[in-house]
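Asks: This is a predicted model, with the sequence first.
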There are 2 protein chains.
Amino acid sequence: MTTERNIAIAVTGFGSIGRRITEMLLDRREAYRQRYGIEARIVGVCGSSAGLVDPSGLEPERLYARESFVAGLTGEAFLGGVKADVLVEASPSDYVTGGPALHYLRGALGRGMHAIAVSKGALVVDLRGLLRLAGAHGGSLRMSAAAASGLPTVDFLQHSLAGCRVLSFEAVLTGTANLVLEEMMNGLPFADALALAQDRGIAEPDPSFDVEGWDTAAKLVIIANAALGADLRLDALPREGIGRIGPDDVARWRAEGRSPRLVGFLEYDGESPADDDGFRAGVELRTYGQDHPFAHLRGSMKGFSAVTDEMGVLTVVGGASDPRATAAAALKDFEHILAEC
Amino acid sequence: MTTERNIAIAVTGFGSIGRRITEMLLDRREAYRQRYGIEARIVGVCGSSAGLVDPSGLEPERLYARESFVAGLTGEAFLGGVKADVLVEASPSDYVTGGPALHYLRGALGRGMHAIAVSKGALVVDLRGLLRLAGAHGGSLRMSAAAASGLPTVDFLQHSLAGCRVLSFEAVLTGTANLVLEEMMNGLPFADALALAQDRGIAEPDPSFDVEGWDTAAKLVIIANAALGADLRLDALPREGIGRIGPDDVARWRAEGRSPRLVGFLEYDGESPADDDGFRAGVELRTYGQDHPFAHLRGSMKGFSAVTDEMGVLTVVGGASDPRATAAAALKDFEHILAEC
């Protein structure tokens, strides 16, 4: 491409991840010019109480100065005022109602914009509805950052396995749970292993979302509904956590040379992936022998394995879990939009 | 999409893989209609001495009947007579001149067609030239089947890691070499291990291409030149094979708990991936501890690992190595063309 097109980007939810995404995007502008012949501009950002809009593009000196923000320029006022091609949505997750994130995604897709979802809540609540909305208005919805960020999941299933049917899928998706399990296998009781992970700043002060399997379940719902032809609901998904593992379990797994992992899974038993009766899905504790890549997921590493009809079994492990990887995942989505549009 | 577009496909090189691709493509026509709103038609096929062209589309009864083929309808006569949007090129590999495959790919890309390369030779000889030709005429060149087929490589690096820089890459790319190494670790001398693989129909009657590292080198050249910013040449690539491994090596690796693998690698040491002095690449024997996914690649399994700047380390293992997987990889490329065009 040689003609330069302007691409206007808006960001809703301007916390640390939203800010990181804008920094990385501004850093990569020259690469976008060269690779896609486009001029990327951030034309608006907003948080929960204030925002900033400028069609000519926002540079760091205004973007990162709180005093330049306009109080009340958020929600519908922001969405109605900003003229953007792409929305990056990074508001906090609300797994019950979808929260402001769902409002922003619907508003953007309903206006024909492309949307990049960074947080999980809105996708868990209404991914199918959002995809329909995108299809009806000519935009698209991407979600690499919400679907395990540094570990490619949805894009791998859709692109690298294009044309194949996935017969079964299992995935280690919650770094914190994996780290706690590792410490338990090293001999610590659950509570001590969890405290250690909290001391290191890896587990949240309220870790129940991670250790009770909700985080894995939320990511599975997104991946399965976006890329595996399912229509899972978070509250209906069978789910277990890692809190009930006792010293006897640990001793037995050690003697057997097996490694416990908290996995989200989906297995089709019939011919039709679209048939609700034809599959089993959930979050459960599984153990793996030392010849399986999942057995060697150290610390907060993630991974998934997919059994396909035509291409055999593919297993992907690794991917960083830090804010930089999350920002890079969101901007991967941005490049997919540029490549296809 | 609701409007149906016609997509015309031509296939050059109509041996067992070319035929398998047409069978799978005809089977998937309904899926293409539903997913992309297109009507896929095979409008011509040719082998080395005869071909068949029909703009209205070829069905199995003519496609798989030798008597319907027209002698001499091959080469320039075929390419000049067939009007297609996409060429699937599956002629035998010629690693010195590129052979008829290179001729077909250049002819198709020079006419603005999209091209799907199935065999490796032409890509090894002139991948950069072919990519430039595609860029100049508005087509595209895809090569999943030539770049490890069932194991996604080029598409993974370009799509799932879009925006990231790959700092180093290593890959197990030759199933036969891996199988022979496995049997050697089980105690067989090289010659016996190779004979066993030949008896099973996995190693070629002339296995030197696989066991001397040429196959790995050829795939590395394609992957690196297509997706890692390199410009490697097959004949200039440092390369070793597995023929010189002795019983002492095997005994030492066993004692150390390490698994030998024949790997293609590329490592950037500097800031600029485009700088020829800034990297090391080659094919060499490496050993892996039992915590590395490569140590557990059984039989003819493949895999690769990529260290990135932003997304951490990603490792992908698995993927079938049979003709069905190769055909599925070529049709994955076809879906990528449909998705982007």
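Replies: Cool, the structure landed.
Asks: Could I get the contacting residues of residue A:116?
Replies: A:86-89, A:142-143, A:145, A:330, A:333-334, A:337 (C-beta atoms under 8 Å, 6 or more residues apart in numbering or on different chains). Yep, even glycine has a C-beta here, placed from its N, CA and C like the rest.
Asks: what about the residue most central in space within chain A, which SS state?
Replies: Nearest residue to the geometric centre of chain A (C-alpha atoms, centre = their mean): residue A:146, 1.4 Å. Look at residue A:146: counting by DSSP: H, G, I helix; E, B strand; the rest coil, its state is coil.
Asks: Isn't it up against residue A:123?
Replies: Yes - proximity of residue A:146 to residue A:123 meets the contact threshold set by C-beta atoms under 8 Å, at 5.6 Å.
Asks: And the residue of chain A most remote from its centre, its phi and psi?
Replies: Ranked by distance from the centre of chain A (C-alpha atoms, centre = their mean), the top residue is residue A:255, with 35.7 Å. Backbone torsions for residue A:255, taken as degrees, to the nearest 10, come to phi -60, psi -30.
Asks: Surely residue A:145 is in contact with residue A:115?
Replies: No - the pair residue A:145 / residue A:115 is not scored as a contact, 11.9 Å apart, by C-beta under 8 Å.
Asks: State the distance from residue A:237 to chain B.
Replies: 26 Å (C-beta to the nearest C-beta, to the nearest Å).
Asks: what's near enough to touch that residue?
Replies: Counted by C-beta under 8 Å, 6+ apart, residue A:237 has contacts A:217, A:220-221, A:281-283.
Asks: repeat that for 6 Å
Replies: Counting by C-beta atoms under 6 Å, 6 or more residues apart in numbering or on different chains, residue A:237 makes contact with A:217, A:282.
Asks: can you pull the pLDDT of it?
Replies: For residue A:237, the pLDDT comes out at 97.
Asks: again with residue A:270
Replies: Confidence score, pLDDT, at residue A:270: 64.
Asks: what ranges do the helices span in chain A?
Replies: Along chain A, counting by DSSP state H, helices occupy A:16-27, A:29-36, A:60-63, A:75-81, A:99-110, A:121-137, A:154-155, A:175-185, A:190-199, A:208-211, A:214-227, A:247-256, A:323-340.
Asks: The shortest one packs against which elements?
Replies: Okay, so that is helix A:154-155. helix A:214-227 (3 or more C-beta pairs under 6 Å, 6 or more residues apart in numbering or on different chains; DSSP states H and E).
Asks: Same question for the second one.
Replies: Secondary-structure packing of helix A:29-36 (3+ C-beta pairs under 6 Å, 6+ apart): strand A:38-46.
Asks: Only the buried residues of the strand it packs on, if you could.
Replies: For strand A:38-46, a neighbour-count test (16 or more other C-beta atoms under 10 Å in any protein chain shown) marks A:38, A:40-46 as buried.
Asks: Now do that strand: distance to the chain's middle.
Replies: Offset of strand A:38-46 from its chain centre (C-alpha atoms, centre = their mean, to the nearest Å): 22 Å.
Asks: CA atoms only for that strand, dumped as CSV, please.
Replies: Output of strand A:38-46 as CSV, limited to C-alpha atoms (Å, rounded to 0.1, in the frame of the first residue of the first chain):
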residue,chain,number,x,y,z
ILE,A,38,-1.8,4.0,7.4
GLU,A,39,-1.5,6.9,9.8
ALA,A,40,-2.8,5.8,13.2
ARG,A,41,-4.2,8.6,15.5
ILE,A,42,-5.6,8.3,19.0
VAL,A,43,-8.6,10.7,18.8
GLY,A,44,-10.1,10.1,22.2
VAL,A,45,-9.7,8.4,25.5
CYS,A,46,-12.0,8.2,28.6
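Asks: what does that strand contact?
Replies: Against strand A:38-46 from outside (C-beta under 6 Å, 6+ apart): A:4-12, A:14, A:22, A:29, A:32, A:52-53, A:55, A:57-58, A:74, A:78, A:82, A:84.
Asks: Neighbour count and pLDDT added to the contacts of residue A:116, as CSV?
Replies: Output for the contacts of residue A:116, formatted as CSV (neighbours: other C-beta atoms under 10 Å in any protein chain shown; pLDDT from 0 to 100):
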residue, neighbour count, pLDDT
A:86, 24, 98
A:87, 26, 98
A:88, 32, 98
A:89, 29, 98
A:142, 26, 98
A:143, 29, 98
A:145, 27, 97
A:330, 29, 98
A:333, 27, 98
A:334, 26, 98
A:337, 19, 96
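Asks: Is it possible to get CSV of these that adds distance to chain B?
Replies: Output for the contacts of residue A:116, formatted as CSV (distance: C-beta to the nearest C-beta, whole Å):
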residue, distance to chain B
A:86, 14
A:87, 18
A:88, 14
A:89, 19
A:142, 11
A:143, 14
A:145, 11
A:330, 10
A:333, 9
A:334, 8
A:337, 10
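Asks: Mind putting these into a markdown table with distance to residue A:161?
Replies: Shown next, in a markdown table, are the contacts of residue A:116 (distance: C-beta to C-beta, whole Å):
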| residue | distance to residue A:161 |
| --- | --- |
| A:86 | 26 |
| A:87 | 28 |
| A:88 | 26 |
| A:89 | 26 |
| A:142 | 17 |
| A:143 | 17 |
| A:145 | 20 |
| A:330 | 22 |
| A:333 | 18 |
| A:334 | 22 |
| A:337 | 21 |
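Asks: Can you tell me which of the residues you listed lies closest to residue A:180?
Replies: Residue A:180 has its nearest neighbour among these in residue A:145, at 23.5 Å by C-beta to C-beta.
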